[in-house]
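> what's the 3D shape of this:
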Amino acid sequence: MSDVKVKKVLVSQPKPASDKSPYYEIAEKYGIQIDFRPFIKVEGLTAKEFRQSKIAISDFTAVIFTARTAIDHYFRLCEEMRITIPDTMKYFCTTESIALYLQKYIVYRKRKIFHGTTGKLDDLVPFLLKHNKEKYLFAVSDVHKDDTNVLDANHIDYTKAIMYRTVSNDFGPDEPFDYDMLLFFSPSGIKSLLKNFPEFKQDDIQIGCFGATTAKAVKDAGLRLDMEAPSVKAPSMTAALDMFLSENLETPAESSVEG
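This is a model prediction of the structure:
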């Protein structure tokens, strides 16, 4: 049994919508407190900011979406700028779930909506080439990771339009930050931690993360990475957390037996 002490964990994501989240089961199992507090938040560009990009949405005949958030901000900006989206508009989405999300804003007609299966732009190329007379608007965030080389290689006529951005979700001066463990899901979360706490010293605080790019951001920031997901044994963050705690902590039941 190691001397790791974890009584309070901060998960840098919004609180789960369901009471059935594995996080709650973990909190009960080990007798610890788990708080949810995103380190980053998404903020839409205002109509005024978007106009500065000199992109005229009405010039385009099709839109490429790689995230639901992009759909929200595309339709929001159209509404704010009083742009009427024609019924002939075509939508190209990287997954079916993103495509189905369009139902929130339009009557879902399959002939105008196309989607891939893997979430990668490569999937969309056959559809984009089939509709090669279209002028594509690609709705993205300021930190989008989509590799557009495949679009360039196939001479797709597209324009990237930044419609929303990721910003640090700042901690208030009276907001306590007394955690034994921090869990991160993106490099932006690490950036936000250091922005909020420039003098941050890790010491005994355990840091866990999800994904290789987040792991790299932890190490690049000179921090110690104590737990990483996904792995073969722990495909999710909750599985990794459960495994980490079981290896490093006694459960309340065990400690009472020994006591």
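> can we go C-alpha only for contacts and neighbour counts from here?
OK.
> Buried residues in stretch 72-83, which are they?
For stretch 72-83, burial by neighbour count (16 or more other C-alpha atoms under 10 Å) applies to 72, 73, 74, 75, 76, 77.
> swap in stretch 99-111?
99, 101, 102.
> Closest to residue 239 out of these?
residue 101 (28.6 Å; C-alpha to C-alpha).
> Next, the distance between the ends of stretch 51-60.
15 Å (C-alpha to C-alpha, to the nearest Å).
> And that stretch, how far out from the chain middle?
26 Å (C-alpha atoms, centre = their mean, to the nearest Å).
> got it, and stretch 57-70?
Using C-alpha atoms, centre = their mean, the distance between the centre of stretch 57-70 and that of its chain works out at 19 Å.
> Name the residues that touch stretch 210-230?
183-187, 190, 202, 206-209, 235-237, 240-241, 244 (C-alpha atoms under 8 Å, 6 or more residues apart in numbering).
> ah, wrong one, I meant stretch 145-163
By C-alpha under 8 Å, 6+ apart, stretch 145-163 touches 44-45, 50, 53, 55, 70, 73-74, 77, 120-122, 125, 128-129, 132, 134-142.
> so where does residue 79 fall, helix or strand?
Secondary structure from DSSP states H and E places residue 79 in helix 68-80.
> quick one on the thing from earlier: please check the contacts of stretch 210-230 and keep the buried ones.
Using 16+ other C-alpha under 10 Å as the burial test, the contacts of stretch 210-230 include 183-187, 190, 206-209, 237, 240-241, 244 as buried.
> residue boundaries of the helices in the chain?
All helices of the chain, identified by DSSP state H, fall at 22-30, 47-51, 68-80, 96-101, 125-130, 149-153, 187-196, 212-220, 237-248, 252-258.
> Including mean pLDDT and distance to residue 36, could those go into TSV?
Below are the helices of the chain laid out as TSV (pLDDT from 0 to 100; distance: least, C-alpha to C-alpha, whole Å):
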stretch	mean pLDDT	distance to residue 36
helix 22-30	96	10
helix 47-51	97	31
helix 68-80	97	21
helix 96-101	94	25
helix 125-130	96	39
helix 149-153	94	37
helix 187-196	92	13
helix 212-220	95	18
helix 237-248	96	13
helix 252-258	51	22
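> I'd like those helices as TSV, with distance to residue 169 appended.
Below are the helices of the chain laid out as TSV (distance: least, C-alpha to C-alpha, whole Å):
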stretch	distance to residue 169
helix 22-30	22
helix 47-51	20
helix 68-80	17
helix 96-101	25
helix 125-130	36
helix 149-153	32
helix 187-196	7
helix 212-220	17
helix 237-248	21
helix 252-258	34
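> Roughly how far does the closest residue to residue 37 other than its chain neighbours sit from residue 54?
Distances taken as C-alpha to C-alpha, 6 or more residues apart in numbering put residue 12 closest to residue 37, at 5.0 Å, once the chain neighbours are dropped. From residue 12 across to residue 54, the span is 35 Å (C-alpha to C-alpha).
> ok, the two, which is more surrounded?
Neighbours per residue, other C-alpha atoms under 10 Å: of residue 12 and residue 54, the larger number sits with residue 12, 21 against 9.
> What confidence value was assigned to the more buried one?
The model reports residue 12 with a pLDDT of 96.
> Distance-wise, check the nearest residue to residue 161 once chain neighbours are set aside relative to residue 123.
Excluding the flanking residues, the one nearest residue 161 by C-alpha to C-alpha, 6+ apart is residue 139, at 5.1 Å. From residue 139 across to residue 123, the span is 17 Å (C-alpha to C-alpha).
> For the two, indicate the residue with more neighbours.
A direct count of neighbours by other C-alpha under 10 Å for residue 139 and residue 123 places residue 139 higher, at 22 against 16.
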